[in-house]
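*Asks:* coordinates only, sequence not included:
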């Protein structure tokens, strides 16, 4: 009796597995080769819509590759700029006004210890110019004057402070009692001002002859708020 051949029959599940293995084995190289790299993307073909929001970080952008034209106007704030990273060279000349500066207290001063004539009519002894927001100026002025020895009679020196050409203090004066005797004088005032540039000056006028201002000092303190009135002589 001849041995019978057994028919080889594969179950449907087994056939499916074999087909899958064959397909993956033959297509594996194709799948790996189909991965897209930057070299396969045409320059300029991608736009912002092709990128997921937040998917690009600073490390993805070449140093120095961005310019102002790549940033939307008004899109950056102080929080986007590192503290201390900007200098005067980063700001265009004349591009800032007083409104671009923090509204904080500030101090200006002027003075000299060189002798100068008291002048016959409103001579400038000290002056300073600056820019502020709306606020108040706290003014202090001091001087020392004398009547030169040998001059006839004992005169006096009148002095006052003006802001933007406007008198903001009463007229003060120092009177001489003896030739060569130095007499001090001082005044203070609080003046409200509008935003903009301001000039403060200490002026003197001689009453008599031979009066000399030996030293003078003018200090201006700006405060964004406060109070005060102006008394005009």
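*Replies:* Perfect, I can see it now. Everything numeric in this text was worked out from a predicted model, so none of it was measured.

*Asks:* now for the helix or strand hosting residue 222, which elements pack on it?
*Replies:* Using DSSP states H and E, residue 222 maps to strand 211-223. Secondary-structure packing of strand 211-223 (3 or more CB pairs under 8 Å, 6 or more residues apart in numbering; DSSP states H and E): strand 106-112, strand 116-117, strand 123-132, strand 135-147, strand 156-163, strand 196-207. In this view, the C-beta of every residue, glycine as well, is placed from N, C-alpha and C.

*Asks:* list the buried ones in that strand?
*Replies:* Within strand 211-223, the residues that qualify as buried by neighbour count (16 or more other CB atoms under 10 Å) are 211-220, 222-223.

*Asks:* just those residues now: which is nearest residue 125?
*Replies:* Distance to residue 125 across those (CB to CB) is lowest for residue 216, with 4.4 Å.

*Asks:* dump the residue contacts of that closest one.
*Replies:* Contacts for residue 216 (CB atoms under 8 Å, 6 or more residues apart in numbering) come out as 111-112, 125-126, 141-144, 202.

*Asks:* whichever of these end up buried, select them in ChimeraX.
*Replies:* In ChimeraX, a selection of the buried entries from these looks like this (16+ other CB under 10 Å):
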select :111,125,126,141,142,143,144,202
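
*Asks:* could I get the contacts of residue 216 as TSV with pLDDT and distance to residue 77?
*Replies:* Shown next, in TSV, are those (pLDDT from 0 to 100; distance: CB to CB, whole Å):
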residue	pLDDT	distance to residue 77
111	93	41
112	93	45
125	95	46
126	96	41
141	96	42
142	96	45
143	95	48
144	94	51
202	96	43
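
*Asks:* let me have the contacts of residue 216 in CSV, extended by distance to residue 179.
*Replies:* What follows is the contacts of residue 216, written out as CSV (distance: CB to CB, whole Å):
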residue, distance to residue 179
111, 25
112, 23
125, 21
126, 25
141, 25
142, 22
143, 18
144, 15
202, 25
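
*Asks:* closest one to residue 118 out of the contacts of residue 216, please.
*Replies:* residue 125 (8.3 Å).

*Asks:* ok, the closest one to residue 59 distance?
*Replies:* 61 Å (CB to CB, to the nearest Å).

*Asks:* equivalent analysis for residue 226, please.
*Replies:* Noted for residue 226: a distance of 50 Å to residue 59, by CB to CB.

*Asks:* tell me which of the two has more neighbours.
*Replies:* residue 226 (13 against 6; other CB atoms under 10 Å).

*Asks:* pLDDT-wise, which helix or strand of this structure ranks last?
*Replies:* helix 12-33 (a mean of 53; mean pLDDT, DSSP states H and E).
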